[in-house]
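J.: Test case, fold it:
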Amino acid sequence: MKTLVVFFSAEGTTAKVAKKLAEIKSADLFEIVPEQPYSEADLRWINPLARCNKEKLGKKDVPVAGKVQNFTKYDNVYIGFPIWYGSAPNVVNTFCKAYDWSGKKVYAFATSGGSGIGKTAEKLRPYLSGVETVEAKLVHSAEEV
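T.: Numbering: from 1, shown residues only. Alright, predicted model coming up:
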């Protein structure tokens, strides 16, 4: 069974968790990067006009730079991201829509400074066409992997 860890990290926390998980699972690693990188101001969620808020509330697709090569070879995929408004950031959803998830098991791991995991798995499922299973877990640091 071949495993892939994909992640989007806004401030580095999710990246640390993803790298540790990939090491433990002997998995390939892919970073989800928006075509237009986020600035510090774009991520300032307390500002209602910040890019992250406009994207989330406007349900906008966020174009992703790069693609996973030979995605079909993976059986298990771990998807990591910080929780934004109780779910994955739109860039993660856009990434997920670009692939066929048939027969794959997906394990989402979300990082958060204060939010719970909520219905993260259920909210991610519509973007994972054909997925076999989706599970989600909240982690606060790489030490929890």
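J.: Which helix runs longest in this protein?
T.: helix 13-25 (DSSP state H).
J.: can you list contacts of stretch 17-35?
T.: Residues outside stretch 17-35 that contact it (C-beta atoms under 8 Å, 6 or more residues apart in numbering): 2-9, 15, 62-66, 68, 74, 76, 78, 80-81, 91-92, 95, 109, 111, 139, 141-142, 144-145. Yep, even glycine has a C-beta here, placed from its N, CA and C like the rest.
J.: do stretch 132-145 as well
T.: Outside stretch 132-145, the residues within contact range by C-beta under 8 Å, 6+ apart are 13, 16-17, 19-21, 24, 83, 101-113, 116-117, 120-122, 124-125, 128.
J.: Can you say which of the contacts of stretch 17-35 are buried?
T.: Burial by neighbour count, 16 or more other C-beta atoms under 10 Å: within the contacts of stretch 17-35 this picks out 3-9, 15, 62, 64, 68, 74, 76, 78, 80-81, 91-92, 95, 109, 111, 139, 142, 145.
J.: All set now, cheers.
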